[in-house]
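K.L.:
The amino acid sequence is not available; the structure is as follows:
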């Protein structure tokens, strides 16, 4: 498979998979010549990328052409569609076309349908913050990868403190491993070492339902400190206030 389409909001897993593909495709000694990333801003990006993907690699290894947030996933001109239709089946086996996007591509676009026909597709979804058990399971998988053991309550505290920020979870697990020195990490150790960087909107909603103004204000402050957009916080408050009334 010479074409890959990766999308999703989980930046940690997306970035890591891109790195793995680069390692697999490129010879590091020749990567500066054979890896090209085309930003979506330039109008010449697509023609240049399509020309590049048909060019043999320099030296050893393969060639990788990366189009992040590409306009190929939007509405394309007839000319570009014809080029894409001609090139996709003919990409040399030494070359790899990688297209990445934060959001799921719209299959109603002709270019997306064409890419889906030829590309290996992989989605990297971000687990919603309220799906605690799914987040804990993801943390367990990452902990196994890092090589650190946590108690059940430690996982709960970790997710309460980090939310669904996958990269942060991974970083904190590495820190906990260094501190634990082979011992099992408990909830108190997590509270001592991990900074609370995620406030749970569900906690705010619950405080509003119970009419606990002081606690609700505390959660609003925590959400703001965790860089939660003010508009989203307002939506939480208005929704729960309407529910109570």
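P.N.:
That came through, no problem. Fair warning: this is a prediction, and the values are worked out from it, not measured in the lab.
K.L.:
Would you confirm that residue 208 contacts residue 216?
P.N.:
Yes. With contacts counted by CB atoms under 8 Å, residue 208 reaches residue 216, the gap being 5.3 Å. Placement of C-beta: from N, CA and C, glycine included.
K.L.:
Now do the strands in this structure.
P.N.:
Remark: strands assigned in the chain by DSSP state E are 3-7, 35-37, 63-68, 95-101, 120-123.
K.L.:
out of the ones you listed, nearest to residue 51?
P.N.:
With CB to CB as the criterion, residue 51 lies closest to strand 63-68 of these, at 9.6 Å.
K.L.:
what is the orientation angle of the closest one with strand 3-7?
P.N.:
Here the directions of strand 63-68 and strand 3-7 differ by 30 degrees (axes from the mean of the first three to the mean of the last three CA atoms, to 10 degrees).
K.L.:
tell me which residues in strand 63-68 are buried?
P.N.:
63, 64, 65, 66, 67, 68 (16 or more other CB atoms under 10 Å).
K.L.:
Just send those residues back as a markdown table, with pLDDT and distance to residue 112 too.
P.N.:
Listed next are the buried residues of strand 63-68 as a markdown table, based on pLDDT from 0 to 100; distance: CB to CB, whole Å:
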| residue | pLDDT | distance to residue 112 |
| --- | --- | --- |
| 63 | 97 | 24 |
| 64 | 97 | 21 |
| 65 | 97 | 18 |
| 66 | 97 | 18 |
| 67 | 95 | 13 |
| 68 | 94 | 16 |
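K.L.:
Out of the residues you listed, the closest to residue 111 would be?
P.N.:
Nearest to residue 111 out of the buried residues of strand 63-68 is residue 67 (CB to CB; 11.5 Å).
K.L.:
residues contacting the residue nearest to that closest one when sequence neighbours are not counted?
P.N.:
Excluding the flanking residues, the one nearest residue 67 by CB to CB, 6 or more residues apart in numbering is residue 99, at 4.8 Å. Residues in contact with residue 99 (CB atoms under 8 Å, 6 or more residues apart in numbering) are 3, 4, 5, 6, 66, 67, 70, 72, 73, 115, 119.
K.L.:
go with 7 Å
P.N.:
By CB atoms under 7 Å, 6 or more residues apart in numbering, the residues touching residue 99 are 5, 67, 70, 72, 73, 115.
K.L.:
Same check on residue 150?
P.N.:
Per CB under 7 Å, 6+ apart, neighbours of residue 150: 143, 158, 184, 185.
K.L.:
what about the second one, neighbour count?
P.N.:
Which is residue 158. If you count neighbours by other CB atoms under 10 Å, residue 158 ends up with 25.
K.L.:
residues contacting the nearest residue to it once chain neighbours are set aside?
P.N.:
Using CB to CB, 6+ apart and skipping the chain neighbours, the partner closest in space to residue 158 is residue 190 (5.2 Å). Applying CB under 7 Å, 6+ apart to residue 190 gives the contacts 154, 157, 158, 161, 176.
K.L.:
which strand residues sit across from the residue lying closest to the last one once chain neighbours are set aside in the sheet?
P.N.:
Which is residue 176. Among residues not flanking residue 176 along the chain, residue 185 sits closest, at 4.9 Å (CB to CB, 6+ apart). Legend: beta-bridge partners of residue 185 under DSSP bridges are residue 150.
K.L.:
how much space between residue 185 and residue 178?
P.N.:
Distance of residue 185 to residue 178, computed by CB to CB, to the nearest Å: 11 Å.
K.L.:
how does this structure divide up, domain by domain?
P.N.:
3-123, 132-193, 201-244 (automatic domain parsing).
K.L.:
quick revisit: which of the contacts of residue 190 sits closest to residue 107?
P.N.:
Using CB to CB, the contacts of residue 190 come closest to residue 107 at residue 158, 36.7 Å.
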